[in-house]
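> need a structure here:
(chains A and B)
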Amino acid sequence: MGFFDKLKEGLLKTRKGITERIDQVLVSFGKIDEELFEELEEILITSDVGIETTGKIIEGLKKSVKEKKVTKPEDVKSLLKEQLKDILRDNSENKDMFFETPVVIMVIGVNGVGKTTSIGKIANLFRQKGKKVILAAGDTFRAAAIDQLEIWANRVGVEIIKHAEGSDPAAVIYDAVQAAKARKADVLICDTAGRLHTKKNLMEELKKVSRILEREIPDVRKETLLVLDATTGQNAVSQAKTFNESSDITGIVLTKLDGTAKGGIVLAIKSELNIPVKLVGVGEKMDDLQLFDADEFVEALFA
Amino acid sequence: MSLFEGLSGKLQETIQKMRGKARVTEKDVKEMMREIKLALLEADVNFKVVKDFINKVSERAVGQDVLESLTPGQQVIKIVHEELIELMGKVPSKPTFSPKPPTVYMMVGLQGSGKTTTSGKIANLMRKQGKNPLLVACDIYRPAAIKQLQVVGNQLNIPVFSAGDKISPVDIAKAALEHAAKMQYDLVIIDTAGRLHIDEELMDELSFIKKAVHPHEILLVVDSMTGQDAVNVAQSFNEKLGIDGIILTKLDGDTRGGAALSVKAVTGKPIKYVGMGEKLSDLEPFYPDRMASRILGMGDVLSLIEKAQEALDEKKALEMEKKLLSQQFTFDDFLEQMQQLKKMGPLNQLIGMIPGLNAKALKNIDIDEKKMAHVEAIIKSMTKQERINPSIINGSRRKRIAAGSGTSIQEVNKLLRDFEEMKKMVKMMSDMGKRGKKGFGKLRMPF
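From the prediction side, this is the model:
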C-alpha cells in the first residue's frame, strides 16, 4: 500500500468529517455569500484549527475569491485547499533530508502523546534503510518507560542504552552518545520523559540534554521532534511554543491520526510558529508512521 | 493573547456602547455572546456544545436589569459563569461503593490519557479513606503496560493482580475478582488498555469485561487538553459501555480544559476527579466553579465580582455619586470609599474590575497598598472640619497632619492636590453633561 493510500486510510474519518460537510455546504449554497464563509469557518474550527488561524484562512480565502473573481461555490473549495497547502508546506527543506545520516534525534512532548511508540517506529524507518540505530532510554521517570522502549528496540532489532529508573537522564544521553560514537551508529534516537511544558525545571532538564548533545557531537545534524497527539486542542500551540523555547524544535510528529480527531491544530502551529510537521502516525503497527507531505495531507483530507 | 485579556477586553468594548442603558438589549447580548462564543471555542469546548450553551445564556441575559449590577458586562459574565457551573454539575461528585463488596471500578479511555497513573492515584486515595484496594493489570497490548502498573503499585505498596499478556483481559478481570473475594479486598480497580473509540474489536472487549465483572463504576479517563474530538470519544464510550463518571487528567498544565464541558454535555455523567500532577497523590475532587472560571480564563476575577457585589452597597454608591457630582464630596466620603475597596481584597486584582476602568491600560500600574495606608492615615489625622472643608488646611495644620499620620508635609500636600484635582475632574465630566458619560465609573483615585 502506497503512502497516499495509507494516509488516506488513516485520514478516512477526518476526511469524512471535513469534506462531506464542506461538500454539503457547497451544494446547499447557490452563491458565495457571508453565510458560506461562516460555514467554512465553522468547519475549520471544529477541526481544531483554532480561531486565530481560521480567521486568517477565511480572510485569505475571501481575498482570493475576490481577486480571482470566483463565482461558483465549488471553486471555493479548491481555493481553500490551496491555502491549507500553502500554510502546511515546508519550504525550508527537501523531505528526504530527514533520512540523512549521521543524525541525532531528540523526541520530546507532553505525557501520553506517543513518544516511545513513535521512537520505535522512527527506528524502524531508519532500519529499513539499512542504517545502524541506537536508542537512548532517556525517560527515567515514568514507571516502566525503559522497559517499554526496550521492547520496541527488540522488536525493531536495534540497540538500546539504558540506566536504572530514576537515574539522571542527562547521564543516559551522555553514555548513549559515547556508545553511538564507539559503535559507529548512523542514528541516535533519544527518548525523554513526557512533561507538561509548564513545568519549568523539567524544561531546564531538556536544555541540559541538548547541551550535552551540542558539546559531545557538535558536527552531527540534530533533529528535535515534538510529538503531538492529534486529539489535542488549542493547548498544542502553547506546547509547541514553550518546547520550542527550551529546545529548538525542527519538526512535529503528529500521532493518533487514525481516530476521529482532525489534527487541524498543525495548521495553527505552522501558521503561527512556522514549525513543520515531519511525520504522521496513522496506526499502532510498526510501519504506521510516514513522512508528512503537505500536498498529500490536504489532498487526502479533501479526496 | 491570554484569553482573559481577549474576553474581558472585547467585552469591555461592547460594554462601553451599553453605558447608561438600563436594560441589556437583544443586540447587546448578541454582540457579547459572540465574544463569549469565541472564548469558549478557544478553550476547546466543542462547537455544538458552545452553540447550545450560548442559546441558553442569551435567553437569560436578554432583559436583565443591569442597573442593579455593577456593569452589564460583568453581569453577563456572571450569568455565563453560573450556567457553566450548572452544566458541569454544581457540586463535587462523591465516589460510590457497591453495597456488596468488592466494589469494582473499571478505567477506560484513549491511549495516553493517563489510565494507569490514574488507577494508582485512585487506589491511593481510596486507601486513605479506609478501603483495601487491589489493582488489576488488563492492558495486555501496550509494551510494558503491566510492568508500569506493577511499579505504580510498588510505589504505593498496593498489590497488583496480573496474569501476563497471554491471557485475555476478560479472563484476567474474572480471575482478579475471585482473587479479591478470597483475599478480602473491598475495592478492585481494573486498568484497561487504551483504545480508539472507533476500534470495534477493542470496544467489544470492554463490553465483555463489563459483562464478566459488573463494575460498579466505569470511569472514562480524558486528557484535559483534548480538542473538539472529546465529544466523539465520550459519546462513543458512553454509548458502548454506559460510563458512570469522568476523570480529567493533566490539568496541571495551562490548558483551558474546555473538554470538561464537552464531555459532561454529551454524556451527562459527572466529572469525578481531576489529575493535577505526576505524583501519585496528585488527584483532586472536581470543582465545577473552578473549572468554569478556568474555561472562561478568568481565574479569580469572578469571585471578585461576587465579592464586589457583596461589599459595594448599591445605595451608598449612588449617594456617593450624587455627592461627587454636586461637589459635596469630602475626605470622609473618600475614606469610606477606600475602606469599601479594601473590603474587596487585593487592589491589583480589583482595579481591573472597577467599572469603566480599562483593565488593559491599567495592567502595568502597580498599586502601592502601602501608599494607600498612608493616604488613610493622613485623612484620619484630619479634624472633622478639615475633612469637610479642606480649604482651611493651612501650613500649621499641614504640619500637624503630617506629624500625626507619620508622613511628610509633601505627602499631605500631594493628597490635598490630588483630591482637588479629582473633584475638578468630576465637575468637568458632569459639565460635559452627557447622560451616558456620567457615573461612578470615571472616578479617579489619587493613588
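
> Need phi/psi at the most centrally placed residue in chain A.
The structure's chain A has its C-alpha centroid closest to A:Val253; by CA atoms, centre = their mean the separation is 2.3 Å. Torsion angles at A:Val253 (phi, psi; degrees, to the nearest 10) stand at phi -110, psi 120.

> Equivalent analysis for the one 3 residues further on, please.
When read as degrees, to the nearest 10, the backbone of A:Lys256 gives phi 60, psi 30.

> Please tell me how far it sits from A:Asp229.
Remark: distance between A:Lys256 and A:Asp229 (CB to CB, to the nearest Å) = 5 Å. The way it works is simple: take the backbone N, C-alpha and C, and place the C-beta from them, glycine included.

> shared neighbours of those two, anything?
Contact criterion CB atoms under 8 Å, 6 or more residues apart in numbering or on different chains; residues shared by A:Lys256 and A:Asp229: A:114, B:112.

> neighbour-wise, which of the two wins?
The residue with more neighbours, out of A:Lys256 and A:Asp229, is A:Asp229; 30 against 27, by other CB atoms under 10 Å in any protein chain shown.

> which residues does that one bridge with?
Residues in a beta bridge with A:Asp229, per DSSP bridges, are A:Thr255.

> Let me know whether it touches A:Ile252 as I believe.
No - contact between A:Asp229 and A:Ile252 fails when scored by CB atoms under 8 Å: they sit 11.0 Å apart.

> Give me the contacts around the one helix or strand B:Ser207 maps to.
Per DSSP states H and E, B:Ser207 falls inside helix B:200-213. The contact list for helix B:200-213 (CB under 8 Å, 6+ apart) reads B:104, B:106, B:108, B:138, B:168-170, B:173-174, B:176-177, B:188, B:190, B:192-193, B:195-197, B:215, B:218, B:236, B:240-241.

> what is the rounded mean pLDDT of that helix?
What helix B:200-213 shows for mean pLDDT is 96.

> Next secondary structure after it?
Toward the C-terminus from helix B:200-213 - assigned by DSSP H and E - lies strand B:217-223.

> is that following strand anywhere near chain A?
Yes - with CB under 8 Å from any CB of the partner chain as the criterion, chain A is reached by strand B:217-223 at B:Asp223.

> For that strand, which helices and strands make contact with it?
Packing partners of strand B:217-223 (3 or more CB pairs under 8 Å, 6 or more residues apart in numbering or on different chains; DSSP states H and E): strand B:103-109, helix B:115-128, helix B:230-241, strand B:245-249, helix B:259-267.

> in that strand, what's buried?
Neighbour counts over strand B:217-223 (16 or more other CB atoms under 10 Å in any protein chain shown) mark B:217-223 as buried.

> With stretch B:191-204 instead?
B:191-197, B:202-203.

> Quick check: the gap between the residue nearest to the centre of chain A and A:Met97.
16 Å.

> can you pull out the strands in chain A?
Using DSSP state E, the strands of chain A run over residues A:103-108, A:133-136, A:159-161, A:187-191, A:221-229, A:251-255, A:277-281, A:289-291.

> ok and the first one relative to strand A:187-191, angle-wise?
Right, the one you point to is strand A:103-108. Taking axes from the mean of the first three to the mean of the last three CA atoms, to 10 degrees, one finds strand A:103-108 and strand A:187-191 inclined to each other by 10 degrees.

> host element of B:His81?
Assigned by DSSP H and E, B:His81 falls in helix B:72-88.

> Check the spacing between B:Asp191 and chain A real quick.
B:Asp191 sits 12 Å away from chain A, going by CB to the nearest CB, to the nearest Å.

> Enumerate every residue touching the spatially closest residue to that residue that is not a sequence neighbour.
Closest residue to B:Asp191 apart from its sequence neighbours, by CB to CB, 6 or more residues apart in numbering or on different chains: B:Ser119 at 4.4 Å. Counting by CB under 8 Å, 6+ apart, B:Ser119 touches B:107, B:135, B:149, B:152, B:189-191.

> nearest to chain A, of these?
Nearest to chain A among those is B:Val152, at 5.3 Å by CB to the nearest CB.

> so what's the closest one closest to, chain neighbours aside?
Excluding the flanking residues, the one nearest B:Val152 by CB to CB, 6+ apart is B:Gly120, at 3.8 Å.
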